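Asks: Need a 3D model of the following:
(chains A and B)
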2 protein chains.
Amino acid sequence: MQNAVINNKMNDTFLKACRGDDVDYTPVWLMRQAGPFLSRYRKVLAKVDFLTACRTPEIAAEITIQPVDDLGVDAAIFYSDITTTVVPMGMDLSYVPGKGPVYANPVRTREDADRLRVPEDVADGLGFVFAAQQICARELANKVPLIGFAGAPFTVAAYMIEGAASHTHVNTRRMAFGDPTTFAVLMEKVTRQTTNYLRRQAEAGANALMLFDSNAGMLGPRDYRELNLPYVKRILADLANTGVPLIYFGLGQHDTLAEIAACGADMIGIDFRKDLRSAVEQLGPAVSVQGNIEPYVFFETRERMERRVAETLSGATGARGHVFNLGHGVPADAPEAQVKALVDAVHRQSAR
Amino acid sequence: MQNAVINNKMNDTFLKACRGDDVDYTPVWLMRQAGPFLSRYRKVLAKVDFLTACRTPEIAAEITIQPVDDLGVDAAIFYSDITTTVVPMGMDLSYVPGKGPVYANPVRTREDADRLRVPEDVADGLGFVFAAQQICARELANKVPLIGFAGAPFTVAAYMIEGAASHTHVNTRRMAFGDPTTFAVLMEKVTRQTTNYLRRQAEAGANALMLFDSNAGMLGPRDYRELNLPYVKRILADLANTGVPLIYFGLGQHDTLAEIAACGADMIGIDFRKDLRSAVEQLGPAVSVQGNIEPYVFFETRERMERRVAETLSGATGARGHVFNLGHGVPADAPEAQVKALVDAVHRQSAR
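Replies: Okay, the predicted model is just below:
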């Protein structure tokens, strides 16, 4: 394993903003920037299916790098899916068009949870990820940093329990409240696997690590504190010695930001449903902030979009550092020219 | 049309709490209290389909009253669906098992929006609602108040645009941001129909009126203020002279509560994702609060559920008035005995 490649040709504005160091302009990348709104992405995905793309190092690396060249963003995010991480634990994953990733063997009982294993070597079943990241790190060394990522344990556990994307999370809630012991067994194992997975990504060349907690808002503040946040904290504490910036994004958690600020991350992602100014206030001066423009801003006129970029930049005033991003992923049908124009607008408007 | 029936045999604790008057205990009702977790409800719905139940006054009234008798709640909420209100405007509604209510002719273009009509007489196509409410008002006169309701215009418009329940609301967001004129035409019409519909419910016997804005959280604070809240305010201002308490529930709006407090409602519903104590602080002393225990609390042990009831009651300390409720609907598979036990616990624990 090689260590993170950072040379003096790399644009490290993103890493500086993560740490709260001075920057010449506000760096920007976009959640789902490697997505179907990008014409080159669509060309690749016309030839291979989603899981094959994730599992073929050359293809995953190509898709990861596309938006850096096509949009001019200040960071690349590794192309993968949060559902792949736990396949080596015994989850039977397939991709069902129209439904997305599906596990054929959802975790519903104590027996199901007991059966899950945490491989001693995380490359066992996930070697394709680290191989792809080594390619990315090499190719991006003269360009921008690579963000490695994983789903946060609660979000991944919810997916394992439901077996597929769910809006209601009926089974997850039933288990979390009605069978807390089984839920804890599951969370423990997912937490260990996630820690190993992220550490290895830093070793493979990721320059920053991000935990996506897309289901964080499934629980109210009280239960989030008890059933979710402690596991996030444990992972981030374990990863502190990787030396790379750590990012946490707890979608839908709007009332616990003061506690989230102390979770061990260098930067906290904020979704578009939260007022950025109030988020910065609640987070305080110890962490940087990432976010949070409305993702459908791409459908506004160029003029209105420019004005909203200014509002978002201004909303981050007082933050230790700010990485501009959307408050959710780029819509699949966003006009590519508008996405590029937003990246340019952030750079132009924020130039010191 | 008869006016709201309130006699001295009615338990009016709920109405008092809405207005912030002194009460002997905290009143409680539950969103979706007339739902499949109730054995008597399941018996009725085994014989008729959902839309037939809504459209048959005797059946809708029976289902509305069941939880009053079976659970001992302090208010009845009229059994209906927010999608029915706009059928007379020209929407083609059917019920698809597994998908829920579906409109065959979603509103996507300016032409679609222009074609919608607002009937002069709201009973034109919705007479079954007011007939059912007259039965309810008569049967409930010696029991508890009847809450009439409608979907808030943004929530109903989103349903009309998508044509079915949606998690992503891609078409709604595209229209709201990309075609604001069409969106405004649609919102105007839905607002007028909703106002007429609620006013007539008060005349038919509803003792309180509630606006359910289940999609309020689809937009961030900035866009909610511009695209949603003004229409809510207009409806509530128009209904002020009905004399019945007005309730607004904006699911997922957590950062705009100070503005929501001034929307013209007597009471504001809070979802379970918001800390109740901070909600009460933001709402201030001019409105009562309704909510907001975690709906899956029914799957906890009786002892833990009791403790959480105490926490929720305590969270409302300082509110002008408090109506206990869930922060979302009763789960379909909640154990009926637990639901009844929660209602009892609220009454017992809150007795002054």
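Asks: For residue A:81, see how far away residue A:32 is.
Replies: Separation of residue A:32 from residue A:81 (C-beta to C-beta, to the nearest Å) stands at 11 Å. Using the backbone N, CA and C atoms, a C-beta is placed for each residue, glycine as well.
Asks: Of these two, give the one with the bigger neighbour count.
Replies: Regarding residue A:32 and residue A:81, a neighbour count based on other C-beta atoms under 10 Å in any protein chain shown identifies residue A:32 as having more, with 20 against 15.
Asks: wait, is the more buried one part of a strand?
Replies: No: going by DSSP: H, G, I helix; E, B strand; the rest coil, the assignment for residue A:32 is coil, not a strand.
Asks: hang on, isn't it packed against residue A:329?
Replies: Yes: using C-beta atoms under 8 Å, residue A:32 is in contact with residue A:329, at 3.3 Å.
Asks: who touches the residue of the stretch 101-250 of chain A found nearest chain B in this structure?
Replies: Using C-beta to the nearest C-beta, the closest approach of the stretch 101-250 of chain A to chain B is made by residue A:178 at 3.5 Å. Going by C-beta atoms under 8 Å, 6 or more residues apart in numbering or on different chains, residue A:178 touches B:296, B:299-300.
Asks: For those residues, which single residue is the most surrounded?
Replies: Using other C-beta under 10 Å as the neighbour criterion, residue B:296 leads the contacts of residue A:178 with 24 neighbours.
Asks: Just the element for residue A:212, please.
Replies: Residue A:212 belongs to strand A:208-213 when assigned by DSSP states H and E.
Asks: Could you give the average pLDDT over that strand?
Replies: For strand A:208-213, mean pLDDT is 98.
Asks: That one packs against which elements?
Replies: In terms of contacts (3 or more C-beta pairs under 8 Å, 6 or more residues apart in numbering or on different chains; DSSP states H and E), strand A:208-213 is packed against helix A:13-19, strand A:146-151, helix A:153-162, helix A:180-204, helix A:229-239, strand A:246-250.
Asks: any idea which helix or strand comes after the first one?
Replies: Looking back up the chat, that one is helix A:13-19. Taking DSSP H and E, what comes next after helix A:13-19 is helix A:39-45.
Asks: Show me how far that next one is from its chain's centre.
Replies: Taking C-alpha atoms, centre = their mean, to the nearest Å, the mean C-alpha location of helix A:39-45 is offset from the chain mean by 21 Å.
Asks: tell me which residues in it are buried?
Replies: In terms of neighbour count (16 or more other C-beta atoms under 10 Å in any protein chain shown), helix A:39-45 has its buried residues at A:41, A:44-45.
Asks: Spell out which parts of the stretch 151-300 of chain A neighbour chain B.
Replies: Residues of the stretch 151-300 of chain A lying close to chain B by C-beta under 8 Å from any C-beta of the partner chain are A:167, A:170, A:173-174, A:176-178, A:217, A:219-223, A:252, A:254-255, A:272-275, A:278, A:292, A:294, A:296-297, A:299-300.
Asks: Any of those residues buried? List them.
Replies: Buried subset of those (neighbour count, 16+ other C-beta under 10 Å): A:173-174, A:176-177, A:217, A:219-223, A:252, A:254-255, A:272-275, A:278, A:292, A:294, A:296-297, A:299-300.
Asks: need the contact list for residue A:284.
Replies: By C-beta under 8 Å, 6+ apart, the neighbours of residue A:284 are A:258, A:261.
Asks: Equivalent analysis for residue A:63, please.
Replies: Listed by C-beta under 8 Å, 6+ apart, the contact set of residue A:63 reads A:34, A:41, A:44, A:53, A:79.
Asks: could you check the distance from the third one over to residue A:281?
Replies: Residue A:44 sits at a distance of 42 Å from residue A:281 (criterion: C-beta to C-beta).
Asks: repeat for the last one
Replies: From residue A:79 across to residue A:281, the span is 34 Å (C-beta to C-beta).
Asks: name the helices or strands packed onto the helix or strand where residue A:278 lies?
Replies: Using DSSP H and E, residue A:278 sits in helix A:276-283. Contact partners of helix A:276-283 among helices and strands, from 3+ C-beta pairs under 8 Å, 6+ apart: helix A:257-260, strand A:288-293, helix A:302-315.
Asks: what about the residue nearest to residue A:326 when sequence neighbours are not counted, neighbour count?
Replies: Leaving aside its sequence neighbours, residue A:326 sits nearest to residue A:295 (C-beta to C-beta, 6 or more residues apart in numbering or on different chains; 4.6 Å). By the measure other C-beta under 10 Å, the count of residues near residue A:295 is 22.
Asks: who's in contact with residue A:19?
Replies: By C-beta under 8 Å, 6+ apart, the contact set of residue A:19 is A:245, A:266, A:288, A:321.
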